[in-house]
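A.B. asks: Coordinates for the following, if possible.
(one chain, ligands or ions: 1)
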Amino acid sequence: MGKLKVCGGNTLRGSLRVQGAKNSVLPILAASILVRGESLLRNCPNLKDVDAAIAILRYLGCQVTRDEGDVHIDSAAIVRRDIPDELMREMRSSVIFLGAILGRCGEAVLSMPGGCELGPRPINLHLDALRVLGAEIEEHGGNIICRAERLVGASVHLASPSVGATENAMLAAVSAVGETIITNAAREPEIVDLQNFLKAAGARIHGAGTPTITIQGGGMMRPVTHRIMPDRIVAATYLSAVAFAGGRLELEDIVPGHVTAVTDALRAAGCEITVREDNLQLVSTGRLRAISPVMTGPYPGFPTDAQPCLLTACVKSKGTTVFMENIFQNRYRYVEELRRMGADIKLEGRVAVVTGVERLTGAAVSAADLRGGAALVVAALGAAGETVISEAEHIDRGYDGIAETLGALGADVERTDDV
Ligand code: EPU
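C.D. replies: Numbers count the residues shown, from 1 in each chain. Sure, this is the predicted structure:
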């Protein structure tokens, strides 16, 4: 089991280039199945979830090679249309392959992704969208079997703006005959990145980033080169870390507009933030003040994935801050670990009330999920003494070289896998 050992208290200083976005590269890897030929993806982060998606592509018959941040996929020959259970279990978001395999092969067989660390993860909205496009879906023995001799464009209204359901509907619709209009679509920047990839490959699609996406399906997808957008949640994590530990951070190669909800909150907490075109600077004394209630919501609302790190940045602030988690049921599992370090946090259902304390003290804690694990790293950086975070492999699912990145900023972080 992986561990991270952090000695807190160092001021953090420096600049870093933000990695490519996990939640953008995963659906785009799935989308590469629709290209009859080569896709070259640039700026791909080196993450466990990316390894899992590549393992699925190889199983399906794609030739995949990697060279640093470049991933080449040749999808000329797809020989399978199922994803075995062990590959599905590696990564919950493998359900994103459903629309793409169905579109390419006319049939897709996946095992049910089931729940995950964040609570139940239903896929009803994904399946409803595919049904509207003409898929017949059977669920038995823990498998989902999706078939469509011909997908036909249609009006797909999502009951709520699910990111994954929007992506699945887009991927199936580019292969459908005729026009699809997706309404109440998710507006996350990762949806726009997926649209940019599909467009570059010849798809006729517009509207991503708004609630209505229009797709003229049926065209052939041609070879494409695409650069993955920067990861806004990784940016939010490092901003929160420096806000909490104190210091100065320059983030390069980001889209500042993608993190406005986070920078607005950090500014209100007392950080100085300067925004330039693709660059953002934060200066913090490490002594923050409480802020107005933070409520997570679909983009452009406050991102649920940034909630654990921002909440952690508030645990030593002057006053009380209220958080309300509106997306996932089990987003507060890291709170118990923060309490072990001395934080004062009251939980009631989806609400967390954080009252600032004078200091946090290092402790032995455990990462229960990806973003909760990142929050423990943030906490450890601003705590007195040593923190050992076990089950750190959760963190590796989303952060490319977190120990090295923080080390370059002056933090004392060490990977101690065999402790
Ligand atoms: N939902 C349903 N039915 C569905 C789909 C979703 O009820 O068919 C519910 C979910 O249970 C949840 C809410 O709708 O309560 C939002 O889920 P959504 O489908 O938008 O999320 P997702 O596509 O499963 C992606 C990210 C998550 C991120 C969420 C919200 C990827 C691979 N994952 O998940 O990222 O938290 O959007 O922004 O894009 C992470 O990176 O740590 C992570 C969990």
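
A.B. asks: Any idea which helix or strand in this protein has the lowest mean pLDDT?
C.D. replies: Least confident helix or strand of the chain, by mean pLDDT, DSSP states H and E, is helix 85-90 with a mean of 86.

A.B. asks: any residues touching the following helix or strand past that one, and which ones?
C.D. replies: Scanning forward in sequence from helix 85-90 by DSSP states H and E, the next helix or strand is helix 97-105. Contacts with helix 97-105, where a contact means Cβ atoms under 8 Å, 6 or more residues apart in numbering, come from 30-31, 33-34, 56, 60, 75, 78, 81, 83, 107-108, 110, 126, 130, 135, 144, 146-148, 151, 167-172, 174-176. In short, each C-beta sits where N, CA and C put it, glycine included.

A.B. asks: Only alpha carbons, please: show the following helix or strand past helix 97-105 as CSV.
C.D. replies: Remark: after helix 97-105, the chain's next helix or strand is strand 107-111, criterion DSSP H and E. Extracted C-alpha coordinates of strand 107-111, given in CSV (Å, rounded to 0.1, in the frame of the first residue of the first chain):
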residue,chain,number,x,y,z
GLU,A,107,-23.4,-3.5,-29.7
ALA,A,108,-21.6,-3.0,-26.3
VAL,A,109,-21.5,-5.3,-23.3
LEU,A,110,-20.3,-3.9,-20.0
SER,A,111,-20.6,-5.1,-16.4
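
A.B. asks: which residues are contacting strand 107-111?
C.D. replies: 81-85, 88-89, 94-95, 97-98, 101-102, 142-148.

A.B. asks: Now do the phi/psi pair for residue 142.
C.D. replies: phi 80, psi 0 (degrees, to the nearest 10).

A.B. asks: Residue 112 is in contact with that one, correct?
C.D. replies: Yes. Counting by Cβ atoms under 8 Å, residue 142 does reach residue 112; the two are 5.4 Å apart.

A.B. asks: okay, the two: which has more neighbours?
C.D. replies: residue 112 (16 against 11; other Cβ atoms under 10 Å).

A.B. asks: which ones are touching the more buried one?
C.D. replies: Contacts of residue 112 (Cβ under 8 Å, 6+ apart): 123, 139, 142, 143, 144.

A.B. asks: Which among the contacts of strand 107-111 count as buried?
C.D. replies: Neighbour counting over those (16 or more other Cβ atoms under 10 Å) leaves 81-83, 88, 94-95, 97-98, 101-102, 144-148 as the buried ones.

A.B. asks: For the ligand, tell me which of those residues show up nearby.
C.D. replies: The subset of these within reach of the ligand, by Cβ under 6 Å from any ligand atom, is empty.

A.B. asks: closest to the ligand among the residues you listed?
C.D. replies: residue 95 (7.9 Å; Cβ to the nearest ligand atom).

A.B. asks: hang on, isn't the closest one packed against residue 171?
C.D. replies: No. The pair residue 95 / residue 171 is not scored as a contact, 11.3 Å apart, by Cβ under 8 Å.

A.B. asks: Could you measure from the residue of the chain positioned farthest from its centre over to residue 106?
C.D. replies: Of all residues in the chain, residue 149 has its C-alpha farthest from the mean position, at 32.7 Å, by Cα atoms, centre = their mean. Distance, residue 149 to residue 106, by Cβ to Cβ, to the nearest Å: 6 Å.

A.B. asks: One more: residue 329?
C.D. replies: From residue 329 to residue 106 the distance is 36 Å (Cβ to Cβ).

A.B. asks: next one: residue 294
C.D. replies: Distance, residue 294 to residue 106, by Cβ to Cβ: 45 Å.
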